[in-house]
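Student: Predicted structure and sequence below. I'll ask about it afterward.
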Amino acid sequence: MNRPRATRPNARPRAGVLAVISLLMLGSAAIRIGLEAGPALAKPAEPKAVEHTPKALETRDVQALLTELLRREKQVTQREDALRDQEKALEIAGQAIETRLVALQEAEEALRATLAVADNAAENDLTRLTDVYQTMKPKDAAALFETMDATFAAGFLSRMPPDSAAGILAGLSPEAAYTISVVMAGRNASAPLE
C-alpha cells in the first residue's frame, strides 16, 4: 500500500541548499587559514623566552636561597673539622694509653722480679735462721723459744726436722709447748680437705 507522496508547493530540492552551505563553510575556512597562515609564513617565528623559575621567585629569593646554602655548607664544614679534631684527639689519646700500658706492664714485671727477689731473700733468711736454731743446743734454743710469740715460734719449729723440733719442745715449759703445738696443729685446719 503505497501511498502517493504529497508534494509541497514551492518545494526546493534539499541537496542544493546543503551544497551551498558546505561551500560557504569551506570558503570561510580557506579565508581563515589564509589570514592566519600568511603572517606566519611571511616572517620566522621568534622563540619565546622560557621562564625556568616561577614569577614569584625573584632575584631576592634566589639570593636568600644561595645565602642559606652557603651558611649550611659552612656549618657542615665546621662539623667536619670538629670531627677531624676529635678523631685526632682520640688517636693521640689512644697512643698515650698504649704507651702507658707498656710502661705499666714493664713496671709490673719489675715489681714481680723485685718481689721474687724479696721472697727468695726472706725465704733464704728464714732457712738460715732455722738452721741456726736447729744447730743450737736444745736447752739454749728452748730458752729463746720460750720468749718468742707462739705463732712465730711455731713457724720455725714446723720448718725443722722432727727430732730437732722435739728437742726444743722438750726444753720448753708445758704451757709454752702446749700453745706452740696448738698453733702448729691449727695452721692447716682451715685448708680444704680436697
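Tutor: Alright, I've got the coordinates. Numbering: from 1, shown residues only.
Student: ok, E109 to A118 distance?
Tutor: 15 Å (CB to CB, to the nearest Å). From N, CA and C alone the C-beta is placed, and that goes for glycine too.
Student: same question, A89
Tutor: 42 Å.
Student: and what of I21?
Tutor: Between I21 and A118 the computed distance is 132 Å (CB to CB).
Student: how does this protein divide up, domain by domain?
Tutor: According to the domain assignment given by automatic domain parsing, the chain is divided into the following structural domains: 59-120, 136-187.
Student: Would you state the helices of this protein in chain order?
Tutor: For the chain, applying DSSP state H gives helices covering 14-42, 59-135, 138-147, 150-159, 162-171, 174-186.
Student: just these: most buried one?
Tutor: helix 150-159 (a mean of 18; mean count of other CB atoms under 10 Å).
Student: got the angle for that one vs helix 174-186?
Tutor: Relative orientation of helix 150-159 versus helix 174-186 (axes from the mean of the first three to the mean of the last three CA atoms, to 10 degrees): 70 degrees.
Student: by how many degrees do helix 150-159 and helix 138-147 diverge?
Tutor: Using the same axes, to 10 degrees: helix 150-159 against helix 138-147 is 140 degrees.
Student: which other helices and strands contact helix 150-159?
Tutor: Identification of packing neighbours for helix 150-159 by 3 or more CB pairs under 8 Å, 6 or more residues apart in numbering; DSSP states H and E yields helix 59-135, helix 138-147, helix 162-171, helix 174-186.
Student: Go through the domains of the chain and name the closest to L129.
Tutor: Between L129 and those, the shortest separation by CB to CB is 7.2 Å, and it involves domain 136-187.
Student: Pull up the gap between V183 and V20, please.
Tutor: Here the distance between V183 and V20 works out to 149 Å (CB to CB).
Student: Extract the residue ranges of the chain that are flagged as low pLDDT.
Tutor: Judged by pLDDT under 70, the chain has its weakly predicted residues at 1-15, 37-57, 189-191, 193-194.
Student: The same query, at a cut-off of 80, please.
Tutor: Residues of the chain meeting the criterion pLDDT under 80: 1-18, 30, 32-58, 187-194.
Student: quick one: contacts of stretch 132-151?
Tutor: Residues lying outside stretch 132-151 but in contact with it, judged by CB atoms under 8 Å, 6 or more residues apart in numbering, are 153, 156-157, 160-161, 164, 167-173, 176, 179-180, 182-183.
Student: hmm, try it at 6 Å
Tutor: Surrounding stretch 132-151, the residues in contact under the criterion CB atoms under 6 Å, 6 or more residues apart in numbering are A153, F156, M160, S164, G167, I168, G171, L172, A176, T179, I180, V183.
Student: All set now, cheers.
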